[in-house]
Each structure stands twice: as C-alpha cells, then as structure tokens.
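Q: I'd like to go over a predicted model; first the sequence, then the structure.
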Amino acid sequence: MRIELRSDTFTRPTPAMLNAIMQAEVGDDVFQEDPSVNRLEAMAARLFGKEAALYCPSGTMSNQIAIKVHTQPGDEVICEQQAHVYIYEGGGIAFNSGAQVKAIAGVNGRIKAEQVVTAINPDDVHKARTSLVCLENTSNRGGGSCYDWNDIVAISQVCTINRLKYHLDGARLFNALVATGQKPSDYGEVFDSISICLNKGLGCPMGSILVGSAAFIKQARRVRKVFGGGMRQAGFMAASGIYALENNIERLKEDHDHAKQIAAKLAGKDFVGEIMPVETNILIFGVKGRFTAASLADTLKHFDIHCMAISPTQIRMVTHLDVNDEMVDKLLSVIDGL
Ligand SMILES: *Cc1c(COP(=O)(O)O)cnc(C)c1O
C-alpha cells in the first residue's frame, strides 16, 4: 500500500471522474466552441461572482497570465517572500512580464496591510511603478495556513486607495474556504483576479481556472494563447474540473482531519521539533536528534510512505483524496514504532 504524501498533485482521477471525462462533449476551445470548457468557465465565474473565467493548463500559467495582464514591464509586484509566484515559477515574473518583485517577510506566508503600505513605491522616476499585490491562500510554504479575512479586506482597501491590482494565488483556496466556512463569492468581491488549482486536492489530472472581469479575461485569453496555452478539445479535462467542483470540495475536510491526526501523533516524538500550525492539508514539521529530514524521509520510504524533505531539518506531508483512513492508521502506527 503506497502512501503518497509528497504533494496533493499526486491524486489520480477516481472511476467516477474518469467516467465524466469519457462522457464529455468537446469542441475546439481556441474557437471557444468546447461546450465542456465553456460550462466549466461559466460555473467558476458564477461561483466566485465574477463576470468571466478562463481554463488554463496549470496554476503556474494562470498566475503568470494574471501578472502579465495586471502589469507593464518595469513594474513592481508586492508579494510575500516565500510566495509560489516568486520562488516556484521559474522567475516567471521577470521572464514573462519584465516586472520585478518586492518580497515581504510575512508570518507563515501571510502579510499585513501595513507592510503593503510601506512597500508601495512613491511616484518618483528612480522607483519602479508598484502596480500589483499578490496574496497566496492557503500559503504553501506557510504550511497550508489561512489568511485572516480582516487582513485580506484591509489589503484590498490599500490596493483601492493606491490604484493597485489585487491577485490571489488560490491554488488551494477551497481548502481555506472549507477550513474557515467562507464562500467563494466573498473572495470574488475583493480580488481583481483569482487562480484556482484543479490539479491539487480537488483531484483533477491537470488544469487551473482563472476568474476576473470580462475585460480582464478577454486580455487573459490573448495572453494564454501567446504563452502556448490555447488548447483544442480541452473539454475532456474541463469535465474533470466540473466533476471536482461538484463533488470534491466538501471532502477536503477529511484531508484536514487527517493532517491534524498525523500532527498530533508526531507531537509526542523525541525526533520531532517545531510543528507548524496545521490549518488545512499541509503539515510541515522540524526534525532533530536521531534523524535528519532526509534520513527520516528515507526511513519512511522503507514502509512505502513518501514525504518530502523541504530543508535539511524540515519534512512536509500533504494529505489528499488518495490518502484514506487506512493509510493514515498505518502511518500513525509506523510513527509510533520509530
Ligand atoms: C501548486 C501551486 C501553484 C501552481 O502549480 P501548477 O503545478 O503549475 O499547477 C501555484 N501556487 C501555489 C501556492 C501552489 O501550491
């Protein structure tokens, strides 16, 4: 029994999702004639209370498209120093948009309105023009942490006053929504654009959805084509997205419960250091004494349990729909025996 905890991107489509894929009606989406893609985009736009949406091959592409549309070359983008858009997208902000980043040190991946205010450049020829603020919720490197809603609103007010665009990397936004009991439309109201990953805990083989105003999505569609992301019969994959939005959101709570159970078990062990607060499906903990992160990951591998050493002293485990109760029980007993 393989237990895959390296990432929630390892999920594979269930028989029911595969069936939805097989049944999909398709057309040419570059001509906007794929009924399944059109349906997914309409569904996502409605869910977030936005005018339009765009289906993209990956979360990286939907973030990068949003940044490209919201900025001009030479602009500055404000984000947290461990943000995915900054550290995990291959330098894409510079490569694709010719923009630079002002990275802010947050707490568990989260930044505050006062920090954003301080980071905005004055209108001065020496300075890059600040044009965009990107948040990430949940925060990946922050251990799946969720933003406090009041902080999101406070930053949106700073953006409005300073005429900055406001983008959310919501790769795992549904995890945050399930954890906090909020609605997608709450987020749609404050952000100019939101990117949602369908390929993580929602269980699709691929894909991401970008939501925004009609004018924004019109531009985004053009940029997606330029980036090489215009797909033809993408409806097969979009059908998995429709299935996920209809069936796989509420169950994210199980993943959160699993992550908390694992954290509780680790808490008693002598080789475990600091455990970051577990709010959703990501568990990051420190390793000390008898193990290094690499040697612990290696030991677990002998039990067919796969996790990731994200630093010499930290392990990350991510729960998802292919990690069931039985697997968690086995992991707990393996931890007990270490
Ligand atoms: C996974 C992820 C993305 C996008 O990833 P893709 O693999 O390109 O779909 C973006 N932001 C965060 C926070 C992520 O975890």
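A: That came through fine. Numbers count the residues shown, from 1 in each chain.

Q: how close does the closest residue to the ligand within the stretch 201-338 of the chain sit to residue 4?
A: Closest to the ligand within the stretch 201-338 of the chain is residue 208: 5.5 Å, counting by CB to the nearest ligand atom. The way it works is simple: take the backbone N, C-alpha and C, and place the C-beta from them, glycine included. Look at residue 208 and residue 4: by CB to CB, to the nearest Å, they are 21 Å apart.

Q: Ok, residue 213 next?
A: Look at residue 213 and residue 4: by CB to CB, they are 38 Å apart.

Q: Next: residue 188.
A: Counting by CB to CB, the gap from residue 188 to residue 4 is 33 Å.

Q: circling back to that earlier point, higher neighbour count, residue 213 and residue 4?
A: Each of residue 213 and residue 4 has its neighbours counted (other CB atoms under 10 Å); residue 4 has more, 19 against 15.

Q: Let me see the confidence value for the more buried one.
A: Predicted confidence (pLDDT) at residue 4: the value is 98.

Q: and the residue nearest to it when sequence neighbours are not counted, what does it touch?
A: In space, residue 4 comes closest to residue 10 once its chain neighbours are excluded; the distance is 4.6 Å by CB to CB, 6 or more residues apart in numbering. Neighbouring residues of residue 10 by CB atoms under 8 Å, 6 or more residues apart in numbering: 4, 320, 322.

Q: Centroid-nearest residue for the chain?
A: The centre of the chain sits closest to residue 171, judged by CA atoms, centre = their mean, with a distance of 1.8 Å.

Q: quick one, phi/psi of the residue of the stretch 1-150 of the chain found nearest the ligand?
A: Residue nearest to the ligand within the stretch 1-150 of the chain: residue 59 (2.5 Å; CB to the nearest ligand atom). Residue 59 adopts backbone torsions of phi -70, psi -30, taken as degrees, to the nearest 10.

Q: what's the answer for residue 286, then?
A: The phi/psi pair for residue 286 (degrees, to the nearest 10) reads phi -80, psi 150.

Q: what sits opposite it in the beta ladder?
A: Taking DSSP bridges as the rule, residue 286 bridges to residue 314.
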